[in-house]
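Participant: kindly generate the corresponding structure for this input.
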Amino acid sequence: MPAVSKGDGMRGLAVFISDIRNCKSKEAEIKRINKELANIRSKFKGDKALDGYSKKKYVCKLLFIFLLGHDIDFGHMEAVNLLSSNKYTEKQIGYLFISVLVNSNSELIRLINNAIKNDLASRNPTFMGLALHCIANVGSREMAEAFAGEIPKILVAGDTMDSVKQSAALCLLRLYRTSPDLVPMGDWTSRVVHLLNDQHLGVVTAATSLITTLAQKNPDEFKTSVSLAVSRLSRIVTSASTDLQDYTYYFVPAPWLSVKLLRLLQCYPPPDPSARGRLTECLETILNKAQEPPKSKKVQHSNAKNAVLFEAISLIIHHDSEPNLLVRACNQLGQFLQHRETNLRYLALESMCTLASSEFSHEAVKTHIETVINALKTERDVSVRQRAVDLLYAMCDRSNAQQIVAEMLNYLETADYSIREEIVLKVAILAEKYAVDYTWYVDTILNLIRIAGDYVSEEVWYRVIQIVINRDDVQGYAAKTVFEALQAPACHENLVKVGGYILGEFGNLIAGDPRSSPLIQFNLLHSKFHLCSVPTRALLLSTYIKFVNLFPEIKTTIQDVLRSDSQLKNADVELQQRAVEYLRLSTIASTDILATVLEEMPPFPERESSILAKLKKKKGPNTVTDLEETKKERNPEANGSTEANLVNASTVSTPSPSADLLGLGAAPVSNSVPPPTSGGSLLVDVFSDASAAPAALAPDSEDNFARFVCKNNGVLFENQLLQIGLKSEFRQNLGRMFIFYGNKTSTQFLNFTPTLICSDDLQSSLNLQTKPVDPTVEGGAQVQQTVNIECISDFMEAPVLNIQFRYGGALQNISVKLPITLNKFFQPTEMPSQDFFQRWKQLSNPQQEVQNIFKAHHSMDAEITKAKIIGFGTALLEDVDPNPANFVGAGIIHTKTFQIGCLMRLEPNLQAQMYRLTLRTSKETVSQRLCELLSEQF
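Facilitator: Numbers count the residues shown, from 1 in each chain. Predicted coordinates:
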């Protein structure tokens, strides 16, 4: 080892470390350490005062011994003494020892805090940096109590050096994460935002991390950061790689800061128009740069470039308001699906799962279905295959459901065991949700049981039973199909359960065929009996007694089985009891009594599907399975499909809005304002939980309402406490809306009461029924409320959703307009040009036409206009208008009392940036209302 002078280092420490490394055994190491500890102890207790260098050396040795895993019970006071040294190296070692070895309960904590305060007040940037690092490294609640009020002052002080500002911002971030309640919000919050404009990019980077975390809990305090973040991001994105030399990483300017700024912007909704244009330019520039040839072949260049790109795509998805950007993001991700880098393929699949939930980009995602299916077949990494399954699930709709379900079933045969159960649940959900007919659904589920029976949970086969029982038109087919499936030599037990239940209920429907006579059905089921578990045997015994009622001709055969010793003397008490009771019932009961007791199962009542709940529980919250909560199926039947949905009024509902639109048996909604309490008392009970009068509409309520005219999913309202999300679907005159209330705070909402308020006129035109919500909403939790909707006649107004709850003892009162509008009850109608103009002439009375000429408020992009017209509910008729630039649509408004035909023509004038909208319907008020709603969209 080269000699180390006293001025350059600590020779004694170097020798000690060398000795430890040269020890041949654990015992030798312990012996050397004990010798050194004895020497250090004697030095500390000796009469001769040690100089700073010696203290530093011995404290360093103690620190090294501690890091080797040995306990240190002395030397703490000497380390604290080093904090008062004026030499950097001595003070540094003291802080290092304190950070590692001193806990918050130490008696020395007051001395340590005093030393830290002295260094913070010294204005020496080096000492201030050491003190801030120590506070952050310890990060205890005691540290937060002592310094949380001081650090913000250092951070925003005008004379603080840049390096200290960086340390102060990160130190405050650490304290806020460990003890958020001890970091006071005050005047400094508005000043810290302006650090985003600081000339030093290191300060900006540290400040952005701090502001992002603070804004997540206190968005209103930091909303001014949005415009500053957009401005700073714009400067970075448009800069050349040589402009920010110190912060350019492999030709990518300030990638870490760019990522942090993009994450900060994801804490807020889209900014105001002035900043939105600039932000859109930034995002477009990032997408454009992704298409450029790489400036370096090194992996660090592509990593930095892609990090910024993926964060930009996350922001585009979060805003969900720019169709062009969403489609471009989707196309960019599509290029990564076949990239040689596994991580990029994984991230692309994950991001596209989220894009699939956007109405604007769902169709673009679907174009990559073949690539995703190929990834499912050929990808080596199981985690990437799992993301491919998630994406197929997210992009599924009626147009591709059969293809996706078939591919999932094919993959299931070779899928990794860890994800088989999840795939089974997803196939079951998709098969139910998007079934074109019930025979395909039954075939799919039985195939599912055949391929992966061990992973088919009870919830899955329960659902098959419920749906078959509730649908008369599929019962015969289901009985025939399970009978054929049971003839296989080896059947999974779940198939036996399904077969036993369905044949017990509907075996009579196929008994006329000699190949499936009653005796053959019974013998087939009983041949599986000895191979099954006790619960399945119990189910088969119930099937047998059902056969006694359905097929009296095999009654004696069944009684012989029930009478056998293996049943009457069965060791399992459940099987024995069933055998005894069923035998007795078949012996003494008359035919009428048997028919009554063993009658066919009635249709199941509406209840929440447990399949989707099981999938969510398996995947956890805020994962891809939560996409179903916001997913919208983008196709021409979105507002009124003529196809039958799999589950209707008589079936069990799933959380999908398409699953049960007719289940209107919930408690009626309160359509009026709660009556006032007696006015005789002048005293106000401030602790009363009685409802207050509904508040006025929240700011931006009208703007948010207008955004939902052409879409059914999204965030309706958001402030620092509450987020309200919607997901809805409509079919003819019926609809179902899911309202999601999210508690953004860490504190409970008490007495949480949402109420729908309708005027007298609206009550007569719209029938709304809701289900109650849990009055307590935990911090960070989300609750769901279902609203069943029936359109009785045309209407002009919209209901108001009033939410009242107590937060921190204060009553919160919020009102927003619920986007239930007349156009939601459209059924799109396709027609040729001749029929359209013939119908157009028939609706030529002045009262039937409404026309509006207005200035364009948004980009006059043809694709966006088409998407909005389809989202409005009408069919978009191609090649009908002589002018190809015009848009023509047709549809029928469905109400309970009548149907109203509607023809629409939209004529854009690109030069004048104007539109002319003409609507013709058979009812003047309907024309007027539809014209008002549609005009606001352009």
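
Participant: CA atoms for contacts and neighbours, from now on please.
Facilitator: Noted.

Participant: list the helices and strands whatever helix or strand Asn118 lives in packs on?
Facilitator: Secondary structure from DSSP states H and E places Asn118 in helix 109-121. On a contact count with 3 or more CA pairs under 8 Å, 6 or more residues apart in numbering; DSSP states H and E, helix 109-121 meets helix 125-138.

Participant: now for this protein, the helix or strand with the poorest mean pLDDT.
Facilitator: helix 610-619 (a mean of 65; mean pLDDT, DSSP states H and E).

Participant: if we can go back for a sec, got the CA positions of the helix holding Asn118 in PDB?
Facilitator: Output of helix 109-121 as PDB, limited to C-alpha atoms (Å, rounded to 0.1, in the frame of the first residue of the first chain):
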ATOM      1  CA  ILE A 109     -30.200  14.600  19.600                       C
ATOM      2  CA  ARG A 110     -30.400  18.100  21.200                       C
ATOM      3  CA  LEU A 111     -26.700  18.600  20.800                       C
ATOM      4  CA  ILE A 112     -26.800  17.400  17.200                       C
ATOM      5  CA  ASN A 113     -29.700  19.700  16.400                       C
ATOM      6  CA  ASN A 114     -27.900  22.700  17.900                       C
ATOM      7  CA  ALA A 115     -24.800  21.900  15.800                       C
ATOM      8  CA  ILE A 116     -27.000  21.600  12.600                       C
ATOM      9  CA  LYS A 117     -28.700  24.900  13.400                       C
ATOM     10  CA  ASN A 118     -25.400  26.600  13.800                       C
ATOM     11  CA  ASP A 119     -24.200  25.300  10.400                       C
ATOM     12  CA  LEU A 120     -27.500  26.300   8.700                       C
ATOM     13  CA  ALA A 121     -27.100  29.800  10.100                       C
END
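
Participant: can you offset everything so residue one is 76?
Facilitator: That works, and once the first residue is 76, the last one we named lands at helix 184-196.

Participant: pLDDT on that helix, on average?
Facilitator: The pLDDT scores in helix 184-196 average 87.

Participant: ditto for stretch 501-520
Facilitator: 86.

Participant: how about it: buried residues?
Facilitator: 501-513, 516-517, 519-520 (16 or more other CA atoms under 10 Å).

Participant: just stretch 635-647 next, same as before
Facilitator: 636-638, 642-643.

Participant: low pLDDT regions in the stretch 276-425 of the chain?
Facilitator: Of all residues in the stretch 276-425 of the chain, those with pLDDT under 70 make up the ranges 316-318, 320.

Participant: pLDDT weak spots in the stretch 126-275 of the chain?
Facilitator: 179-181.

Participant: give me the contact list for the helix holding Asn193.
Facilitator: 155, 158-159, 202-203, 206-207, 218, 221 (CA atoms under 8 Å, 6 or more residues apart in numbering).

Participant: strands - which of the buried residues of stretch 635-647 land there?
Facilitator: Among the buried residues of stretch 635-647, none falls in strands (DSSP state E).

Participant: got those as CSV, with distance to Glu356 and pLDDT columns?
Facilitator: Output for those, formatted as CSV (distance: CA to CA, whole Å; pLDDT from 0 to 100):
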residue, distance to Glu356, pLDDT
Val636, 78, 90
Leu637, 78, 90
Arg638, 82, 89
Gln642, 77, 84
Leu643, 80, 86
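
Participant: let's see which of these end up in helices.
Facilitator: Within those, residues falling in helices by DSSP state H are 636-638, 642-643.

Participant: of all these, which two lie farthest apart?
Facilitator: Of all pairs drawn from those, the widest gap by CA to CA lies between Val636 and Leu643 and measures 9.5 Å.

Participant: buried residues in stretch 901-917, which are they?
Facilitator: In stretch 901-917, counting by 16+ other CA under 10 Å, buried: 901-906, 908, 911, 915.

Participant: next one: stretch 539-554
Facilitator: 539-546, 549-554.

Participant: surely Gln413 meets Leu422?
Facilitator: No - counting by CA atoms under 8 Å, Gln413 sits too far from Leu422 to count as a contact (11.8 Å).

Participant: all strands for the stretch 226-375 of the chain, in order.
Facilitator: Using DSSP state E, counting those that start in this stretch, the strands of the stretch 226-375 of the chain run over residues 323-324, 327-328.
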